[in-house]
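**Student:** Sequence and computational prediction follow.
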Amino acid sequence: MIKLIGAALVLFAGTMIGYLQAARFAARPRQIRQLTHALQRLETEIGYGQTPLPEALKRMAHLLGPPLTGIFDRIADELAGGAGNTVRESWEAAINAGWSSTAMKSAERDALLRLGATLGASGREDQLKHVRLAMLQLQTEETTAREEQQRYEKLSRSLGMLGAALVVILMV
């Protein structure tokens, strides 16, 4: 009886691990898409609204889902609070602190860090060019992420369940 309960728990845990990994594959393209839309909004705010950067980032944060909202809220708060940090320092600190909670990979992180290095340090047209470049890079990464999702999402679920079934067979 105890072996049966243990086997059921191992099977359940393995299946859940597979589903969690599959959820990360599904979350990555969604988060990249949200980030791209938010950067389009930032481009509009910089280009047409001429909104101050902390306010534009705060508006951008409200467009994003939970893991990304915290990152951009933190950047906006640091810039508005007048802590004396440059945009680049605030941007890098917030991204480095909050990146582990996202499903995105280092390519997206690098694109955002490059964007943060130029925001607030150059003219409006130059900033708009860098925002557009970051959006193009993110769109390329989104395509890659979708391909990985199609390739690995179902595989992750299956491997989680089959790996747990193997452990159960070896236990019994």
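**Tutor:** Alright, I've got the coordinates.

**Student:** hey, let's count contacts and neighbours off CA atoms from now on
**Tutor:** Will do.

**Student:** Please, where are all the helices along this protein?
**Tutor:** With DSSP state H, the ranges of helices along the chain come out as 2-44, 53-63, 66-81, 87-98, 106-118, 124-171.

**Student:** Mean pLDDT and mean neighbour count for the ones you listed - can I get that in a markdown table?
**Tutor:** Written out in a markdown table, the entries for the helices of the chain read as follows (pLDDT from 0 to 100; neighbours: other CA atoms under 10 Å):
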| stretch | mean pLDDT | mean neighbour count |
| --- | --- | --- |
| helix 2-44 | 89 | 18 |
| helix 53-63 | 81 | 20 |
| helix 66-81 | 82 | 20 |
| helix 87-98 | 83 | 18 |
| helix 106-118 | 86 | 17 |
| helix 124-171 | 88 | 17 |
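
**Student:** Could you pull up the contacting residues of the residue nearest to Leu64 when sequence neighbours are not counted?
**Tutor:** Excluding its sequence neighbours, the residue lying closest to Leu64 (CA to CA, 6 or more residues apart in numbering) is Gln34, at 5.9 Å. With contact taken as CA atoms under 8 Å, 6 or more residues apart in numbering, Gln34 is in contact with 63-65.

**Student:** Pick the one among these closest to Gly47.
**Tutor:** Within the set of the contacts of Gln34, Leu63 lies nearest Gly47; the separation is 18.2 Å, counting by CA to CA.

**Student:** ok, that closest one - contacts?
**Tutor:** Applying CA under 8 Å, 6+ apart, the residues contacting Leu63 are 34, 38, 69.

**Student:** Right, I'll leave it there.
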